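Trainee: This is the structure alone, sequence omitted:
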């Protein structure tokens, strides 16, 4: 799922999520151009993004079950 990854940050393949360095040690997580979370390191940022993408994939409305 990773398209860009280095010491400076992380961007998902679909470019919807990014972890951008903030200050000396923190990372801001950005989704659709909006800041959604701040983490202490890149590993935690990647974990947060993975969890959020999994949650959004599993979300379906009750109406979609019948279509």
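Mentor: Yes, it's here. Just so we're clear, the structure is a prediction, and the values are computed from it rather than from any experiment. Numbering: from 1, shown residues only.

Trainee: use CA for all of it now, contacts and neighbours both
Mentor: Noted.

Trainee: Distance of the most centrally placed residue in the chain relative to residue 15?
Mentor: Relative to the mean C-alpha position of the chain, the nearest C-alpha, by Cα atoms, centre = their mean, is the one of residue 49, at 3.0 Å. In this structure, residue 49 lies at 12 Å from residue 15, with Cα to Cα, to the nearest Å as the measure.

Trainee: sorry, back to before: need the contact list for the residue nearest to the centre of the chain.
Mentor: Contacts for residue 49 (Cα atoms under 8 Å, 6 or more residues apart in numbering) come out as 17, 29.

Trainee: Look up which helix or strand the nearest residue to residue 18 once chain neighbours are set aside falls in, please.
Mentor: Distance criterion Cα to Cα, 6 or more residues apart in numbering; nearest residue to residue 18, sequence neighbours excluded, is residue 11 at 4.4 Å. Using DSSP states H and E, residue 11 maps to strand 9-12.

Trainee: and that strand, what does it pack onto?
Mentor: Packing partners of strand 9-12 (3 or more Cα pairs under 8 Å, 6 or more residues apart in numbering; DSSP states H and E): strand 2-6, strand 17-22, helix 42-58.

Trainee: please redo it, this time with the cut-off set to 7 Å
Mentor: Using 3 or more Cα pairs under 7 Å, 6 or more residues apart in numbering; DSSP states H and E as the contact test, the elements touching strand 9-12 are strand 2-6, strand 17-22.

Trainee: Partner strands of it, with direction?
Mentor: In the sheet containing strand 9-12, its partner strands are strand 2-6 (antiparallel), strand 17-22 (antiparallel), by DSSP bridges.
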